[in-house]
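Colleague: turn this into a structure:
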Amino acid sequence: MKHSTFCLVLLLFSFSCKKSTSSEITIIDKDFLLDEVVGKNVQLVDVRTQEEYESGHIEGAINFNVINNETFLEQIDSLNKDEPVYLYCKMGGRSNRAAQLLKDQGFTRIYDYSAGYNDWVID
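Modeller: Numbering: from 1, shown residues only. Here you go, the predicted structure:
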């Protein structure tokens with residue numbers, strides 16, 4: 001009986017030590033973006049429309065319009081699910097939606113600049 005109890009404890013312990021693969025959505029601010037994202041080789045995604053993107057965007061950002069759900073899901077397939085993904089839109093609504101879609105698709109580290117591009121262009 002002692003042997004089986006020991007085996008059960010060992011088995012439970014091994015499951016608790018496995019790396020978590022649950023997704024996290026972290027809200028970030030302008031300072032974080034400036035320090036950790038801009039100018040670095042990261043996955044920075046502007047989820048606004050192409051017209052909004054072309055009128056101005058954060059350096060290094062790629063444009064995947066979240067309004068077109070089907071196309072957006074195809075585009076995010078080009079991203080690495082195990083690397084951080086940084087999202088922004090105009091004011092936070094669409095980036096929150098995009099973050100949820102990435103989470104549903106198995107992305108593990110999602111960062112949402114929820115203040116959005118409007119905050120970015122304010123000095």
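Colleague: tell me the helix or strand right after the helix or strand bottoming out on mean pLDDT in the chain.
Modeller: One helix or strand of the chain scores below all others by mean pLDDT, DSSP states H and E: helix 2-16, with a mean of 45. Proceeding N to C from helix 2-16, the next assigned helix or strand is strand 24-27, under DSSP states H and E.
Colleague: quick one: list the elements packing against the very next helix or strand once past that next one.
Modeller: Helices and strands here follow DSSP H and E; after strand 24-27, the next one along the chain is helix 30-36. Identification of packing neighbours for helix 30-36 by 3 or more Cβ pairs under 8 Å, 6 or more residues apart in numbering; DSSP states H and E yields strand 109-113, helix 116-120. (Glycine included, C-beta is placed from N, CA and C.)
Colleague: using CSV, list the CA coordinates for the last one.
Modeller: Coordinates of each C-alpha in helix 116-120 appear next as CSV, following Å, rounded to 0.1, in the frame of the first residue of the first chain:
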residue,chain,number,x,y,z
GLY,A,116,-4.1,52.1,-29.0
TYR,A,117,-2.7,54.2,-31.8
ASN,A,118,-4.5,57.3,-30.6
ASP,A,119,-2.4,57.1,-27.4
TRP,A,120,0.7,56.4,-29.4
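Colleague: what packs against it?
Modeller: helix 30-36, strand 85-88.
Colleague: report the buried residues of it.
Modeller: 116-117, 119-120 (16 or more other Cβ atoms under 10 Å).
Colleague: which single one of these is nearest to residue 78?
Modeller: Minimum distance to residue 78 across the buried residues of helix 116-120 is 21.9 Å, recorded for residue 117 (Cβ to Cβ).
Colleague: does that closest one touch residue 90 like I think?
Modeller: Yes. Assessed by Cβ atoms under 8 Å, residue 117 is found in contact with residue 90 at 5.4 Å.
Colleague: what residues do these two have in common as contacts?
Modeller: Residues touching both residue 117 and residue 90 (Cβ atoms under 8 Å, 6 or more residues apart in numbering): 48, 52.
Colleague: perfect, I'm done here.
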